[in-house]
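Chemist: Take a look and give me a structure for this.
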Amino acid sequence: MKELIQKKHFFTVAIILLILWRAFLNAAIPLMDKTEARYAEIARIMAETNDYITPQIDYGIPFWAKPPLSTWLSALSFDAFGVFEFTARLPYLVFSILLVFLIGKYAKRENLPFFLPGFIVLTIPQFFIHAGVVSTDTSLAFTVALVMLSFWEAIKYPEKKIWKYLIFVGFGLGLLAKGPIIFILTVPPIFMWTLISKSFKKVFSTFPILLGILIMAFVAVPWYYLAEQKTPGFIDYFIIGEHFKRFFDSSWSGDLYGFPKQQPLGIIWIFLFLFAMPWIQVVVGKLWKNKKQLFSNQWILFLLSWLLWTPLFFTVSKSLIHPYILPVMIPIALLGLHFWKEIKQKKLIISISLIIPFASIITYGVGLFDGNIEKYANSDKYLIEQSAKKEISLYHYNTKSYSSQFYSLGQVKSMNYEKLNIQLKNENKFYFIISKNDSEKISVLIDKNFKLLASNNKKNMYVHQ
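Modeler: Numbers count the residues shown, from 1 in each chain. Here you go, the predicted structure:
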């Protein structure tokens, strides 16, 4: 391993292999319920209906929980390449690749391999996973990185004027990626750095604030206006509900699309140290060893402010999930890059960092053995594939899953017990998906009327004929 690391093209080859493997998994692994399949289905409906103003969680039912940037990109990918798992996930892989190239220039400035920071970030478990997950978190992480790095470049290299405008483009895209959270995750760390480094005068003289606000508004405001006009009430729900009540009121009952995730206070730090290992541990160790430089080195101070603010902000929230740490993967990688020359156990750290990619290879291999993916994946893909005759009705007992919606191209319908009895009296042939727990509850009815076609660890699929 030591000899490999010292070779000139090690990190280039490693990056190519990591991206190719991630791309393969994006194509090979089914969309998972609930979150990933939900966002993919919202994008599929958008592409099918050609309605790019109002994302829909089901036909005619608006999805107010998130802005449309991620949905737009997956929908455009469907329009261009067809409706598949890979095309649903393609925009998130592209975002990840763009970030790899965006941070590569910082390695060149240190006379280090261009793809070293990209290697670091791609071997962080949280980042590697989200290079192939349909969600809004990757697009938010990209816009946060665009804002933060544009700010730094504009301050340190004012002759490159494009950066002082790109920061406002980043704000606008962030509003379309996940809403006002873009300001919450970027403005405070920028303010902290500006305050400590005493750079207020330089900041205000560098950035065209009024023109920047116009740029940001040009990017984001038209969609917000059109969305509110088309479905009144969106602004109130999204801004007040999703951005304040969700995080600070764990009993919030206004959530239309899920339920508050009850978590212990401060769990965001556990997420950080678990899903960003081993690089977060390396960075923390180096920061502690070089603690005297924290206020004298502006680059370290900037990255540290960026890294700390997000977990500090979410420390007081009980309603959160582990992807909330995704926006701080870039400062972790850049701090790892900064201290790279001081790291003595490079071989050991790189070996540990490759555990997750190698584990994914082993896991996928095990999944292929004896149909384990089909049995244990949290997806209805393989059940839907058994409904070969598309002209025959397909039903899901009680609430239909998002994966059943996606893989049936919106044909699946929900059916409760009363509707099931009515449908049975019609004696028409139809397909029927039901959880195994529910199957046991109505086993007499099922045994009498249905033939089992397929099953996995959670559900059975029957045909009535």
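Chemist: Can you get me a residue count around Tyr395?
Modeler: By the criterion of other Cβ atoms under 10 Å, Tyr395 has 22 neighbours. Any C-beta I mention is one placed from the backbone N, CA and C, and that applies to glycine too.
Chemist: any idea how far Glu48 is from it?
Modeler: Computed as Cβ to Cβ, to the nearest Å, the Tyr395 to Glu48 distance reads 20 Å.
Chemist: was I right about Asp282 contacting Ile343?
Modeler: Small correction: residue 282 is Val, not Asp. Yes - the pair Val282 / Ile343 is scored as a contact, 6.7 Å apart, by Cβ atoms under 8 Å.
Chemist: got any residues that touch both of these two?
Modeler: Overlap of the contact sets of Val282 and Ile343 (by Cβ atoms under 8 Å, 6 or more residues apart in numbering) consists of Ile349.
Chemist: Which one's more surrounded, the two?
Modeler: Ranked by neighbour count (other Cβ under 10 Å), Val282 and Ile343 place Val282 first, with 21 against 14.
Chemist: which strands and helices sit next to the longest helix anywhere in the chain?
Modeler: When the chain is parsed with DSSP state H, its longest helix is helix 85-109. Judged by 3 or more Cβ pairs under 8 Å, 6 or more residues apart in numbering; DSSP states H and E, helix 85-109 is in contact with helix 10-28, helix 35-49, helix 69-81, helix 116-122, helix 125-130, helix 137-156, helix 329-338.
Chemist: Which other helices and strands does the fifth one contact?
Modeler: Spelled out, that is helix 125-130. Using 3+ Cβ pairs under 8 Å, 6+ apart: helix 125-130 touches helix 85-109, helix 137-156, helix 355-368.
Chemist: Quick one: name whatever helix or strand follows the shortest one.
Modeler: Toward the C-terminus, helix 355-368 is succeeded by helix 372-376 as the next helix or strand (DSSP states H and E).
Chemist: Buried residues, that next one. List them.
Modeler: By neighbour count on 16 or more other Cβ atoms under 10 Å, the buried set for helix 372-376 is Ile373, Glu374.
Chemist: Check stretch 262-282 too.
Modeler: Those would be Gln263, Ile267, Ile268, Phe271, Leu272, Phe275, Ala276, Met277, Pro278, Trp279, Ile280, Val282, for stretch 262-282 by 16+ other Cβ under 10 Å.
Chemist: for the longest helix of the chain, which positions count as buried?
Modeler: So, applying 16+ other Cβ under 10 Å, buried residues of helix 85-109: 85-93, 95-97, 99-100, 102-104, 106-107.
Chemist: ok, now stretch 417-426?
Modeler: Leu420, Gln423, Leu424.
Chemist: for stretch 220-240, same thing?
Modeler: Within stretch 220-240, the residues that count as buried by 16+ other Cβ under 10 Å are Ala220, Trp223, Tyr224, Ala227, Thr231, Phe234, Tyr237, Phe238.
Chemist: count of residues packed around the closest residue in space to the last one that isn't next to it in sequence?
Modeler: I take that to be Phe238. In space, and not counting its chain neighbours, Phe238 is closest to Trp64: 5.5 Å by Cβ to Cβ, 6 or more residues apart in numbering. Applying other Cβ under 10 Å, we find 20 residues neighbouring Trp64.
Chemist: Would you quantify the distance from Trp64 to Gln229?
Modeler: For Trp64, the distance to Gln229 equals 14 Å [Cβ to Cβ].
Chemist: what's the answer for Phe432, then?
Modeler: Distance from Phe432 to Gln229, counting by Cβ to Cβ: 41 Å.
Chemist: same check, this time on Pro180
Modeler: 20 Å.
Chemist: same question, Phe63
Modeler: Between Phe63 and Gln229 the distance, using Cβ to Cβ, works out to 17 Å.
Chemist: re the thing from before, which of the buried residues of stretch 417-426 lies closest to Leu116?
Modeler: Proximity of these to Leu116 (Cβ to Cβ) peaks at Leu420, which lies at 58.7 Å.
Chemist: Figure out the helix or strand that that closest one lives in.
Modeler: helix 417-426.
Chemist: shaky segments in the stretch 251-400 of the chain?
Modeler: 251-261, 388-390 (pLDDT under 70).
Chemist: Can you list the residue ranges for helices in it?
Modeler: 267-275, 279-289, 298-314, 329-338, 346-353, 355-368, 372-376, 381-384 (DSSP state H, counting those that start in this stretch).
Chemist: Now distance to Leu214 too, for these, in CSV please.
Modeler: Listed next are the helices of the stretch 251-400 of the chain as CSV, based on distance: least, Cβ to Cβ, whole Å:
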stretch, distance to Leu214
helix 267-275, 35
helix 279-289, 38
helix 298-314, 26
helix 329-338, 27
helix 346-353, 43
helix 355-368, 43
helix 372-376, 50
helix 381-384, 46
